[in-house]
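**Q** Generate coordinates for the sequence data below:
(one chain, ligands or ions: 2)
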Amino acid sequence: MNTQPPQAGPSPVVDRRIEKTVPLVTPQALHAELPLTDDLAKTVVQGRDAVADVLNGTDDRLLVVVGPCSVHDAGAALEYAERLRPVAERLSDGLLVVMRVYFEKPRSTLGWKGLINDPGLDGSGDVNSGLRIARKLLLEVLAQGLPVGCEFLDPITPQYIADTVGWGAIGARTVESQVHRQLSSGLSMPIGMKNRPDGSIATAVDAIKAAAVPHVFTGIAHDGTPAILHTRGNPDCHLVLRGSDAGPNYDADSVAGAQELLRNAGLPERVVIDASHGNSRKDHRRQPEVAAEIGAQVAAGNQAVVGVMLESFLVEGRQNLEPGHDLTYGQSITDACLGWDTTEQVLEGLRDAVLARRRAG
Ligand SMILES: O=C[C@H](O)[C@H](O)COP(=O)(O)O
Ligand SMILES: C=C(OP(=O)(O)O)C(=O)O
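**A** Ligands and ions are numbered 1, 2, ... in the order given. Next up, the predicted model:
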């Protein structure tokens, strides 16, 4: 028999490293506050279908996912969307433009983890506000008529925003994770699987295969209750070549190698290439030459290259997030980005490449 008096104060067993627990808004409540209207839902569905058509080759355009490395200021991101919309329309004969609206940042070690996790940019971790700001911005970008692309990092977050997303990514650091593969198998939009930071493409190919089939996993339901989710499998997952710590993988030989891996796995030979990250060696000034080389492969008739990713914001480069320092409006606080004018030139070059491929083929 236990003769010890009941323990007063914190438990010696559980929550020893939990400082505090804060209630999380439910997906249902957030959706009710910030609803996806029928018109916006049409933009989402049309965007997803158009991406799938490009991936499947029934649309010969190039998918271009372009926008800031991360959103830290919703106003600046919306201004970017307002600039992008007319350019996307003008180039729509060659490009299917999806705006990169990334709220979740996977870090190599430490750093700001994105607007959903820390909208105050100060470590206060007000996730409820982060989700609200993120969803509001997603609806505003959709209202511009632009489909949006996000990385899915936290497995709970999609319940709050995935209804607005036309294209999703699983990042280089999580592509080997079973949790993210299961999640992808249940997501309603095409998902790009990135090669691992060390360059392993086989891991991303494994992820595509794993996410294509049904899974069962635990998560939350729309009303916020714990739930067992049974997925159907996602046939629209595809490879994203993003280079690696060892160097780029956007050149024709690397693309051919990736095609061979896909072919051997019995998967469609379709590849999206990220012009940033390992492919630019994180130097934004190299993105135009990477995009030009990808464009040259497209213009030469390569049908396997179906998309390009660019990191771009209003102001080129990046800045450090430091307490007490004012931030430059429209400049990235994570990876360095192309500035607006260069972005427009790069997009025009990619569109010309598609028109050349079409003329030749
Ligand atoms: O795209 C953004 C970054 O490359 C990614 O979040 C990793 O950043 P880090 O290596 O600076 O942590
Ligand atoms: C983190 C990102 O990319 P990767 O996973 O390729 O590093 C990103 O695009 O924000």
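**Q** Tell me the residues of the stretch 101-250 of the chain that contact ligand 2?
**A** Proximity of the stretch 101-250 of the chain to ligand 2, by CB under 6 Å from any ligand atom, involves residues Tyr102, Pro106, Glu151, Gly171, Ala172, Arg173, Lys194, Arg242. Where C-beta positions appear, they are placed from N, C-alpha and C, glycine not excepted.
**Q** Local confidence estimate at the third one?
**A** If I follow you right, that is Glu151. For Glu151, the model assigns a pLDDT of 98.
**Q** Dig out what it forms beta bridges with.
**A** Ala169 (DSSP bridges).
**Q** how close does it sit to Glu104?
**A** To Glu104, Glu151 is 6 Å away according to CB to CB, to the nearest Å.
**Q** same deal with Asp60?
**A** Using CB to CB, Asp60 is found at 32 Å from Glu104.
**Q** any low-confidence regions in the stretch 1-150 of the chain?
**A** 1-8 (pLDDT under 70).
**Q** all strands in it, in order from the N-terminus.
**A** Along the stretch 1-150 of the chain, the segments classed as strands by DSSP state E, counting those that start in this stretch run 62-67, 95-100, 148-151.
**Q** now these in CSV, with mean neighbour count and distance to Ala300?
**A** Output for the strands of the stretch 1-150 of the chain, formatted as CSV (neighbours: other CB atoms under 10 Å; distance: least, CB to CB, whole Å):
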stretch, mean neighbour count, distance to Ala300
strand 62-67, 27, 14
strand 95-100, 26, 18
strand 148-151, 26, 27
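**Q** and ligand 1, which of the ones you listed is closest to it?
**A** Across the strands of the stretch 1-150 of the chain, ligand 1 has its closest neighbour in strand 148-151 (8.3 Å, CB to the nearest ligand atom).
**Q** Which other helices and strands does that closest one contact?
**A** Other helices and strands packing on strand 148-151, by 3 or more CB pairs under 8 Å, 6 or more residues apart in numbering; DSSP states H and E, are strand 95-100, helix 127-143, strand 167-170.
**Q** Give me the helices and strands touching the next helix or strand after the last one, please.
**A** Reading on from strand 167-170 to the C-terminus, the next helix or strand found by DSSP states H and E is helix 178-186. Using 3+ CB pairs under 8 Å, 6+ apart as the contact definition, the elements that helix 178-186 packs against are strand 167-170, helix 202-211, strand 216-220.
**Q** for the ones you listed, which one ends up most surrounded?
**A** Compared across the helices and strands packed on helix 178-186, strand 167-170 shows the largest average neighbour count, a mean of 27 (mean count of other CB atoms under 10 Å).
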